[in-house]
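**Q** missing the sequence, but the structure's below:
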């Protein structure tokens, strides 16, 4: 049985796909992705298990996904302590902190974010902090104010014993 073109691209008489698109290889039970790389070379990858995965892969490989440009100042700030908020629409899902910048919230091993199925409507807001101690205080204040649905521990801020100091219970 020959493969059929599903999205984009076309099949020539020999059954080989050309152009940029995805198709299902019935013999291997895999979605295949055809794309033209940035050097104009035609490429084919056979590893997607679902149509959605194949479409996402095709978009990324064809360069249709936007890129981010960060300055040196921004990179230095995002390597240090940060507090991050994950939202889906108006709902706050999670508030966390990291001493290693974006390494923790972006890691697939993150205890909450690594297990979350992203549907494309999520937004991650990152606040660089001057120190790890500042990140602890900012995270605690945001958890109390925003009441995120995926945070399990409850953080209460005690009244400061002196001006300018904060304690977490």
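**A** Arrived safely, thanks for sending. For clarity, every value in this text was computed on a predicted model and none was experimentally measured.

**Q** could you check the distance from the residue most central in space within the chain over to residue 120?
**A** Closest to where the C-alpha atoms of the chain average out (CA atoms, centre = their mean) is residue 106, at 6.6 Å. Using CB to CB, to the nearest Å, residue 106 is found at 16 Å from residue 120. Placement of C-beta: from N, CA and C, glycine included.

**Q** got it, and residue 128?
**A** 26 Å.

**Q** quick one: average pLDDT of stretch 151-163?
**A** Mean pLDDT, stretch 151-163: 57.

**Q** Would you map out the domains in the chain?
**A** If you go by automatic domain parsing, the domain ranges for the chain are 4-61, 72-168.

**Q** Mind telling me which of those the model trusts least?
**A** Among the domains of the chain, domain 4-61 carries the lowest mean pLDDT (a mean of 64).

**Q** what sits against the residue nearest to the centre of the chain?
**A** If you count contacts by CB atoms under 8 Å, 6 or more residues apart in numbering, residue 106 has them with residue 113.

**Q** make it 10 Å
**A** Residues near residue 106 by CB atoms under 10 Å, 6 or more residues apart in numbering: 84, 98, 113, 114, 124.

**Q** again, but for residue 142
**A** Contacts of residue 142 by CB under 10 Å, 6+ apart are 83, 84, 85, 92, 95, 96, 97, 125, 127, 148, 151, 155.

**Q** Mind checking which of these are buried?
**A** 83, 84, 85, 92, 95, 96, 97, 127, 148, 151 (16 or more other CB atoms under 10 Å).
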